[in-house]
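Enquirer: pasted the sequence and its predicted model underneath.
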Amino acid sequence: MSTIPALNPVYRGARAVRIDEFCDALRATCPPRFPRTRPRMHHPIGLAISGGVDSMALAYLCAQLKRKDHWFKVADHFMSTPYAVIVNHGLREGSSAEAQKVADIVRKLGLKHHVMKVRWPNAGQDFNPNDLPNVETLARQLRYQRLGMFCKTCTLPSLLTAHHEDDQYETVLMRLLSGHGYRGLQGMRPATDIPECYDIHGVYQSGLIDDQRLESPLYNMRPTAPERSQIKRALRHEVDPAIIAREIEAGLGATPGYLEDEYDGVAKGNRGAPLLPPLEIEDGGVMVYRPLLHFSKDRLVATCVEAGIPWFEDHTNADQTLTLRNAVRHMTRSHRLPAALQKPAVLRLAERCRARVAAEEAEAGRLLDRALIHEFSTNAGTVMVTLPRLAFPTAPRASSRSPAGREKRIRHYRHIAALLTRRLLSMATPERELSQVTQLGPLVSMLFPALTQDSAPAPEPKPYVICGVHFIPVIGDHPIRWLLTRAPHVSHMPRPSATFYELPLAKRVHKHPSQWKAHTDMIDGQNYDGRYWVRIIHRLPGRILVAPYEVEHHKAFREGLADDKARKEFSAMLRRYAPGKVRYTLPAVYATIDMDLKQGGKLQLLALPTLGVTLPGVDNWLQSDIRYRKLDSQLLRLSKLGGREVGRHELRHRARFTYRGARPQRRKDALLRRL
């Protein structure tokens, strides 16, 4: 029912949200995602509108901000054309008419709008979504997927939702009652990637590469003509032609021995492997912002009442037996809770938890800067890293002698080391959720022997598998290097796969195969193994399957290469980039032409796209585009720069090692000169 009811005594005396307060909340909640972006075009900002008082207040505030300053920047774009997206779940009678009324109100505010209906799976004639046991969870999933696809289609990079302070209080209280730790008691984040859209390319943490290839990209990162001229002038002043001439004469190809072939300790005989260009790393997607998290519901009600904006009340929110949130909402409104469970105390608890987590993550980031990432291969999803040595800081003598004080410091550093390990796990894991910190205890003891608890001997370094990542120690190096790879596939578990369907018959009937055209407009990237985004464009009559590289296909694929040189290069590439069982985690492209896999048909291996190896002639029929998923910016910086800054002692050790390695060659040259 659309109405402006008489205010509840709880809401009396609350003041409406001013437009300058809303602007400050937007600035704090929506920082630039890509600081180098130079916005030239006005792109719409999405608003998730449900018709409740909170979302109607959000629509009204955005409409007022548009009139006041349409150049106001939200993330990387201007607030010139807010676009209200109204989702109709179809769970209540009259929901369609209610959605249309909400659209009429939004149109009167001067905002564009679109009404979409949730498509329930397996919806028949007598289907009722309310009969499902997990209707709330499924409704949330379908809602965000429809919102994500709409944002992708209409180029809405930012989506504002109307979660407010009372929602935050209920969320933290629910997690507190469920037994969450302090990391779970942070509550909802002000800005996050859109949830429930993990396998949709261009919606979840992807799409930036395709955007930058457009003539008019959404994120304009190209320097302007004056900036290019300024860069050229600066380079001319910094470049010395004499120095360049000397470097060219001396030869820039000479590199120290310790920088050549980082995988020598893992695989030998890989000198003939060609240098592979790294895969592109995805970024982008739709971001969800919650600018009203610091405004209580009574202020949003006062905002709608003052502006004369009607809203709709959902009667299912009052059913305390329907969901846990409804029960918590009824408990907080109908009962007087202890002071420790009331809203001010719970919100302060959430703020303290966020501050504690931020401090721990910052300390883990500083420790990560001391790590040395020798090589990060996106082609195989492997990481070679040397972890930093942990040394306890100096402390007063009394506390350093105290066993309890030392044990407390060890627990703290073990927790920080576990956070660092989780960030390294994110580079190679196929899992969506990382392992909890409490599950990393045995691995932390192995990676950081100085943090062993209870005076127990440090465990010997050995292979260890957790969260789908295989930690392999490279014995013989000091300090020990660790190779992080995707764990081998377990035989009793289904293999990851991505299927690309055959070319329609209408596009190839009565035509020579050379005249078949691929339907590129209908091809979207698919998420493979949680690590890669794969796009296959082909004009073959059968289906194409992306699945792990299997040992039974090795011999036939190797013999199908062009010549002996190609076979030797292929073997060297496997030894260099995918040693041992790592190669059997690589994505491979198989053909299923005229084969029924359910009846025991065999697959034909066509290509290993991450290594750039294909059978002769396949490129005329099939093209693949494979990219690595989005990664932490700090990890990318360390992998590109080769890790931390080298200290004085380590630089001296490396120089001594290089000098010793070059000594036999100098002796040989001196002997030749004497002869």
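Expert: That came through, no problem. Just so we're clear, the structure is a prediction, and the values are computed from it rather than from any experiment.

Enquirer: CA atoms only for stretch 225-232, dumped as CSV, please.
Expert: What follows is stretch 225-232, C-alpha atoms only, in CSV (Å, rounded to 0.1, in the frame of the first residue of the first chain):
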residue,chain,number,x,y,z
ALA,A,225,47.5,15.2,-26.5
PRO,A,226,48.9,17.8,-24.0
GLU,A,227,49.8,15.0,-21.6
ARG,A,228,51.6,13.1,-24.3
SER,A,229,53.6,16.2,-25.3
GLN,A,230,54.6,16.8,-21.7
ILE,A,231,55.7,13.2,-21.3
LYS,A,232,57.8,13.4,-24.5
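
Enquirer: avg pLDDT for that stretch?
Expert: On average, the pLDDT along stretch 225-232 is 82.

Enquirer: chain center to it, what's the gap?
Expert: Computed by C-alpha atoms, centre = their mean, to the nearest Å, the separation of stretch 225-232 from the middle of its chain amounts to 33 Å.

Enquirer: now stretch 482-495
Expert: Put simply, stretch 482-495 sits 21 Å off its chain's centre (C-alpha atoms, centre = their mean).

Enquirer: residues contacting it, please?
Expert: With C-beta atoms under 8 Å, 6 or more residues apart in numbering as the test, stretch 482-495 has contacts from 266, 380-387, 424-425, 427-430, 447, 465, 468-474, 496, 529, 531, 547-548, 581-582, 584-585. C-beta: built from backbone N, CA, C; applies to glycine.

Enquirer: what about residue 295, how many residues close to it?
Expert: When neighbours are defined as other C-beta atoms under 10 Å, residue 295 has 22 of them.

Enquirer: over to residue 27?
Expert: Around residue 27 there are 13 residues (other C-beta under 10 Å).

Enquirer: what's the answer for residue 48, then?
Expert: Look at residue 48: counted by other C-beta under 10 Å, it has 21 neighbours.

Enquirer: same question for residue 382.
Expert: Neighbours of residue 382 under the rule other C-beta under 10 Å: 24.

Enquirer: same question for residue 100.
Expert: Counted with other C-beta under 10 Å, residues neighbouring residue 100 total 12.

Enquirer: check which helix or strand it maps to.
Expert: For residue 100, the enclosing helix or strand under DSSP states H and E is helix 95-108.

Enquirer: how about residues contacting that helix?
Expert: Residues outside helix 95-108 that contact it (C-beta under 8 Å, 6+ apart) are 2, 49-51, 56, 59, 84, 86-90, 92, 113, 115, 117, 309-310, 312.

Enquirer: mind listing the helices for the stretch 301-450 of the chain?
Expert: 324-334, 343-369, 397-401, 403-428, 441-447 (DSSP state H, counting those that start in this stretch).

Enquirer: those helices into JSON lines, with extra columns for distance to residue 122, mean neighbour count and mean pLDDT?
Expert: Compiled in JSON lines, the helices of the stretch 301-450 of the chain are given as follows (distance: least, C-beta to C-beta, whole Å; neighbours: other C-beta atoms under 10 Å; pLDDT from 0 to 100):
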{"stretch": "helix 324-334", "distance to residue 122": "26", "mean neighbour count": "15", "mean pLDDT": "85"}
{"stretch": "helix 343-369", "distance to residue 122": "39", "mean neighbour count": "15", "mean pLDDT": "94"}
{"stretch": "helix 397-401", "distance to residue 122": "64", "mean neighbour count": "10", "mean pLDDT": "58"}
{"stretch": "helix 403-428", "distance to residue 122": "35", "mean neighbour count": "18", "mean pLDDT": "90"}
{"stretch": "helix 441-447", "distance to residue 122": "42", "mean neighbour count": "18", "mean pLDDT": "92"}
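
Enquirer: redo these as TSV? Include distance to residue 564.
Expert: Formatted as TSV, the helices of the stretch 301-450 of the chain follow (distance: least, C-beta to C-beta, whole Å):
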stretch	distance to residue 564
helix 324-334	66
helix 343-369	45
helix 397-401	65
helix 403-428	33
helix 441-447	43
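
Enquirer: re the thing from before, filter the contacts of stretch 482-495 to the buried ones?
Expert: Among the contacts of stretch 482-495, the ones that count as buried by 16 or more other C-beta atoms under 10 Å are 266, 380-387, 424-425, 427-430, 447, 468-474, 496, 529, 531, 547-548, 582, 584-585.

Enquirer: restricted to strands, list those.
Expert: Counting by DSSP state E, the buried ones among the contacts of stretch 482-495 place 382-386, 469-474, 547-548 in strands.

Enquirer: most widely separated two among those residues?
Expert: Using C-beta to C-beta, these span at most 33.6 Å, a distance reached by 386 and 547.

Enquirer: of the contacts of helix 95-108, grab the buried ones for ChimeraX.
Expert: Here is the ChimeraX command that selects the buried residues among the contacts of helix 95-108 (16+ other C-beta under 10 Å):
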select :49,50,51,56,59,84,86,87,88,89,90,113,115,309,310,312
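
Enquirer: tell me where the stretch 151-300 of the chain has helices.
Expert: With DSSP H, counting those that start in this stretch as the criterion, the stretch 151-300 of the chain has helices at 165-177, 208-212, 225-238, 241-250, 297-307.

Enquirer: figure out which of those helices is closest to residue 452.
Expert: Closest to residue 452 of those is helix 165-177 (C-beta to C-beta; 32.8 Å).

Enquirer: put the alpha carbons of the closest one into PDB.
Expert: Extracted in PDB, the C-alpha atoms of helix 165-177 (Å, rounded to 0.1, in the frame of the first residue of the first chain):
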ATOM      1  CA  GLU A 165      22.200   1.800   9.600                       C
ATOM      2  CA  ASP A 166      19.400  -0.300  10.900                       C
ATOM      3  CA  ASP A 167      20.100  -3.000   8.300                       C
ATOM      4  CA  GLN A 168      23.800  -2.900   9.400                       C
ATOM      5  CA  TYR A 169      22.700  -3.300  13.100                       C
ATOM      6  CA  GLU A 170      20.500  -6.300  12.200                       C
ATOM      7  CA  THR A 171      23.300  -7.900  10.200                       C
ATOM      8  CA  VAL A 172      25.900  -7.600  12.900                       C
ATOM      9  CA  LEU A 173      23.400  -8.800  15.500                       C
ATOM     10  CA  MET A 174      22.500 -11.900  13.400                       C
ATOM     11  CA  ARG A 175      26.200 -12.800  13.000                       C
ATOM     12  CA  LEU A 176      26.800 -12.200  16.700                       C
ATOM     13  CA  LEU A 177      24.000 -14.600  17.500                       C
END
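
Enquirer: what angle do it and helix 343-369 make?
Expert: Helix 165-177 and helix 343-369 are oriented at 70 degrees to each other (axes from the mean of the first three to the mean of the last three C-alpha atoms, to 10 degrees).

Enquirer: in helix 165-177, what's buried?
Expert: By neighbour count with 16+ other C-beta under 10 Å, helix 165-177 contains the buried residues 165-176.

Enquirer: then stretch 96-110?
Expert: By neighbour count on 16+ other C-beta under 10 Å, the buried set for stretch 96-110 is 98-99, 101-103, 105-106, 109.

Enquirer: and for stretch 68-77?
Expert: Buried, per 16+ other C-beta under 10 Å, within stretch 68-77: 72, 74-77.
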